[in-house]
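>>> quick one: sequence and predicted model below, then my questions.
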2 protein chains.
Amino acid sequence: MSNKVLIYSRFPKAMLVRIGQRFELLDTAGKPPNEVLAADQLSEVAAMVTAGATQLGAAQMDLMPKLGAIVCYGTGYDGVDLAAAAQRRIAVAHSPGANASSVADIAVTLMLAVTRRLLPADDYVRSGGWSSAKPSPMMRPQAGMRGRRIGVYGMGEIGRKIAGRVAAFETEVGYFSRSRHDVPYQYLPSLAALAEWCSVLMIAVRAGVDTHHAVDAAILGKLGAGGYVVNISRGSVVDQKALVAALADNTIAGAGLDVFEQEPHAPDALTAFPHVVLTPHIGGHTLESHTAMQDCVIANLDAFFAGRPLAYPV
Amino acid sequence: MSNKVLIYSRFPKAMLVRIGQRFELLDTAGKPPNEVLAADQLSEVAAMVTAGATQLGAAQMDLMPKLGAIVCYGTGYDGVDLAAAAQRRIAVAHSPGANASSVADIAVTLMLAVTRRLLPADDYVRSGGWSSAKPSPMMRPQAGMRGRRIGVYGMGEIGRKIAGRVAAFETEVGYFSRSRHDVPYQYLPSLAALAEWCSVLMIAVRAGVDTHHAVDAAILGKLGAGGYVVNISRGSVVDQKALVAALADNTIAGAGLDVFEQEPHAPDALTAFPHVVLTPHIGGHTLESHTAMQDCVIANLDAFFAGRPLAYPV
């Protein structure tokens, strides 16, 4: 069996060092494989590593006739056409939970930063506004965490870790997911009920066709003028146009976003707002989490090349 | 008895509305009382409200011969010369614990923001660096929270609330304070030992002569190149010149500061750093916390004017 591994998404080189020590990599740097590699190179590809959110359909798979495994670096696999992979007997695997702590941390970071207006506060100090006692409407006191109702949408590993963290801030935690879980938080029967109930909606649901644009204008309206959205899942879960409109007309109070509909791109309408905090999809971007995700990728590839079932199948 | 209440520090008007509904206020807006008020007005002052950190010594007290109570808005009373007040039989009271949750929240906000480089990350998105894949050394992955050792200096009400919050991030929590407490965290026998042990030093100790510049060059050196300082107590606890030097030569990795040696002023040397997060002493600045602090101020003044002992004496 050929042992070439195609790197399908654009990854920083540092993330590929350990994987490259064990497997022969063909790095497309995020470009379409057939633009970068010749047909005979593609014909030797036995497995590939992708970022999970990157679109990967039948046409791309068919460029690599010997492809046997698609390994997602991270938890998500929403970009992978699972039906097309199954038809071609290509196994799909991911890195479940490897980045959950790191992603939950960034969710809480965004929640705290946007509700306490951290960026305007830092700017107020640096610009000299504080020392000159310049009046600043952005610096008016806001509600703190104690007694706040925090709604967690999705109760997978990341949702649980978010809930555990925010509960320590003397908040009330509620959640909605497809099924009830054995967790010490109030279950709300729908996303609409959760949005009505909470003042911060933390989006931790798995992306897919059933959650596409689940957070739309109606949900944002239920969240209301004192409400915040924090999204660390995928941009596709939120109707970004509706979110921009809700932020522009103060239907909601603010948003903390680590993910966007078209990455790596946050629209100008979003980047102009003072009441948002925007991060470049760095939820899983810590040293430990990269190590843990690489461990999963390596375990998946080791199993594949040894002819065993993948270590963390989707 | 005269019932005039002098407002000694500069407070936003909104913070004085409830107090002004119950007592007759003489607001100096932070200026020396004898520059703003005539001697006969000062002679009618029976009680005063101060911000606690504002310097208030014998000379100021002697401007108000009928002064019987000094009421601090907030937990701190480090600016009040307690010996001078005692000599003059002036009672001193504060607002213990009223802002503890809110201050603990901002401590964790600063910790998360500075360790995950939130401000450079937001700037990377807004400036277009992300969408153009501009290389950014500031965006390299950092250590996350899981498994981190967080050191809490001071185990009063705020220190406990900080410890409870950070423990939920899968960290190891240690502390140093004058005495051991019945808390589920490791006790370190000195501030130096705590700094040596932890990677984030959270300063929550009460300010005073015994803690003045407690966090100095030697302590920062023990914290080391991967270490962070977060200060939500008082600027006086940190040797600010030593901190600036440690940030400039990468003796430590960064700092999150809500308090400064000369407020409202953060020196240019600090505001120029990308690896700090600076907030304008907003730790206790939430709606609930202002309400709770005003409740304490009113309870203290009510008791004083009814001839009872102050509700929350220092």
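Ah, there it is. Numbers count the residues shown, from 1 in each chain, chains lettered A, B, ... in the order given.

>>> which residues touch the closest residue to chain B within the stretch 201-314 of chain A?
Closest contact between the stretch 201-314 of chain A and chain B, by Cβ to the nearest Cβ, is at A:Thr286 (3.4 Å). C-betas here are computed from N, CA, C, even on glycine. Contacts for A:Thr286 (Cβ atoms under 8 Å, 6 or more residues apart in numbering or on different chains) come out as A:99, A:102, A:105, B:116, B:141-144.

>>> just the pLDDT at it, thanks.
A:Thr286 is assigned 95 on the pLDDT scale.

>>> give the closest residue to the residue nearest in space to the middle of chain A in space, chain neighbours not counted.
The centroid of chain A falls nearest to A:Ser233 when counting by Cα atoms, centre = their mean (3.4 Å). Distances taken as Cβ to Cβ, 6 or more residues apart in numbering or on different chains place A:Ile203 nearest to A:Ser233, at 4.9 Å, with adjacent residues excluded.

>>> for the one you found, name its beta-bridge partners.
Beta-bridge pairing for A:Ile203 (DSSP bridges): A:Tyr153, A:Asn231.

>>> that one reaches A:Val238, doesn't it?
Yes: assessed by Cβ atoms under 8 Å, A:Ile203 is found in contact with A:Val238 at 6.9 Å.

>>> any common contacting residues for the two?
Counting by Cβ under 8 Å, 6+ apart, the residues touching both A:Ile203 and A:Val238 are A:215, A:229, A:231.

>>> out of the residues you listed, who's the most crowded?
Counting neighbours by other Cβ atoms under 10 Å in any protein chain shown, A:Val229 comes out on top of the shared contacts of A:Ile203 and A:Val238 with 28 neighbours.

>>> any idea how far that one is from A:Pro65?
Per Cβ to Cβ, to the nearest Å, A:Val229 is found 44 Å from A:Pro65.

>>> what's the mean pLDDT across stretch A:136-154?
Here the average pLDDT along stretch A:136-154 is 95.

>>> ok, which stretches of the stretch 201-314 of chain A are strands?
Counting by DSSP state E, counting those that start in this stretch, the stretch 201-314 of chain A has these strands, from start to end: A:228-231, A:254-257, A:276-278.

>>> for the stretch 51-200 of chain A, that is, sorry about that
All strands of the stretch 51-200 of chain A, identified by DSSP E, counting those that start in this stretch, fall at A:69-72, A:91-93, A:149-153, A:172-176, A:186-187, A:200-203.

>>> so can I have CSV of these showing distance to A:Ala253 and mean neighbour count?
What follows is the strands of the stretch 51-200 of chain A, written out as CSV (distance: least, Cβ to Cβ, whole Å; neighbours: other Cβ atoms under 10 Å in any protein chain shown):
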stretch, distance to A:Ala253, mean neighbour count
strand A:69-72, 35, 28
strand A:91-93, 39, 22
strand A:149-153, 14, 26
strand A:172-176, 18, 21
strand A:186-187, 22, 15
strand A:200-203, 9, 28
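
>>> can you lay out the ones you listed as JSON lines showing distance to B:Ala306?
Output for the strands of the stretch 51-200 of chain A, formatted as JSON lines (distance: least, Cβ to Cβ, whole Å):
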{"stretch": "strand A:69-72", "distance to B:Ala306": "69"}
{"stretch": "strand A:91-93", "distance to B:Ala306": "72"}
{"stretch": "strand A:149-153", "distance to B:Ala306": "38"}
{"stretch": "strand A:172-176", "distance to B:Ala306": "37"}
{"stretch": "strand A:186-187", "distance to B:Ala306": "43"}
{"stretch": "strand A:200-203", "distance to B:Ala306": "42"}
